[in-house]
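Undergrad: Any chance you can model this:
(chains A and B)
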Amino acid sequence: GAVVSQHPSWVICKSGTSVKIECRSLDFQATTMFWYRQFPKQSLMLMATSNEGSKATYEQGVEKDKFLINHASLTLSTLTVTSAHPEDSSFYICSASEPSYNEQFFGPGTRLTVL
Amino acid sequence: GQQLNQSPQSMFIQEGEDVSMNCTSSSIFNTWLWYKQDPGEGPVLLIALYKAGELTSNGRLTAQFGITRKDSFLNISASIPSDVGIYFCAGQLGSGNQFYFGTGTSLTVIP
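TA: Sure, this is the predicted structure:
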């Protein structure tokens, strides 16, 4: 299957700082990438859909000014958590999709801890 | 968003036993995917289903796309300790790219 990487895998930051998470499709071009948030023992919660070269589409209840998404190329999408607070601590996972595959391939996730 | 009901929520089984879990929805999907997630990692795709009635195997895993297009099943035969994890179903409506995820089934295999 296709490979998606995520960086960093673990980040600890102070409250009020911003954190950027990168998602890369390594062996295919991803016209669409998705960002999820997952709390312990729960399912994945879709935050936003990121399309290359256009603005991201955010799910209801997700603050677009707090979770900035940039999909500048067909292999890279970034999620920036701005002015992070302890309640933003979570496991963030990206996935990438290429229409001909009709499947989603997930990155390994990023564990964010805000102190 | 769409609601996918996955059951059972958790399972505790003896090594060697077979496992069965399912996912149901009130909506019709055109694609079903099954994933396994280990702790602290991203989900890994196990099986993809594209046609109603389709039955697909991947080693000891077998999944089926329900005839009504509103459900899917995953079976694991002769379970082993490394099968431990959380299994998610995901369904896609129509031509859109978004997948909706089930609530997950946590599997524990007792050696």
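Undergrad: Find the closest residue to chain A in chain B.
TA: Residue of chain B nearest chain A, by CB to the nearest CB: B:G42 (3.8 Å). Heads up, the C-betas are built off the backbone N, CA and C, glycines and all.
Undergrad: which residues touch the helix-or-strand element of chain B with minimal mean pLDDT?
TA: Ranking every helix and strand in chain B by mean pLDDT, DSSP states H and E puts strand B:99-101 at the bottom, with a mean of 89. The contact list for strand B:99-101, computed with CB atoms under 8 Å, 6 or more residues apart in numbering or on different chains, reads A:43-44, A:46, A:104, B:1-4, B:25, B:31, B:33, B:88-93.
Undergrad: In strands, which of these fall?
TA: A:44, A:46, A:104, B:4, B:25, B:31, B:33, B:88-92 (DSSP state E).
Undergrad: how about CSV for the residues you listed, with pLDDT and neighbour count added?
TA: Converted to CSV, those look like this (pLDDT from 0 to 100; neighbours: other CB atoms under 10 Å in any protein chain shown):
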residue, pLDDT, neighbour count
A:L44, 91, 26
A:L46, 92, 20
A:Q104, 86, 29
B:L4, 88, 25
B:S25, 93, 23
B:T31, 92, 20
B:L33, 94, 24
B:F88, 96, 24
B:C89, 96, 32
B:A90, 93, 26
B:G91, 91, 27
B:Q92, 88, 21
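Undergrad: what ranges of chain A fall below the confidence cut-off?
TA: Along chain A, segments meeting pLDDT under 70 span A:1, A:99, A:101.
Undergrad: got it, and chain B?
TA: Ranges of chain B meeting pLDDT under 70: B:1-2, B:95-97.
Undergrad: Show me the beta-bridge partners of the residue lying closest to A:C94 once chain neighbours are set aside.
TA: Computed as CB to CB, 6 or more residues apart in numbering or on different chains, the closest residue to A:C94 that is not its neighbour in sequence is A:C23, at 3.4 Å. Note on A:C23: beta-bridge partners by DSSP bridges are A:Q6, A:S77.
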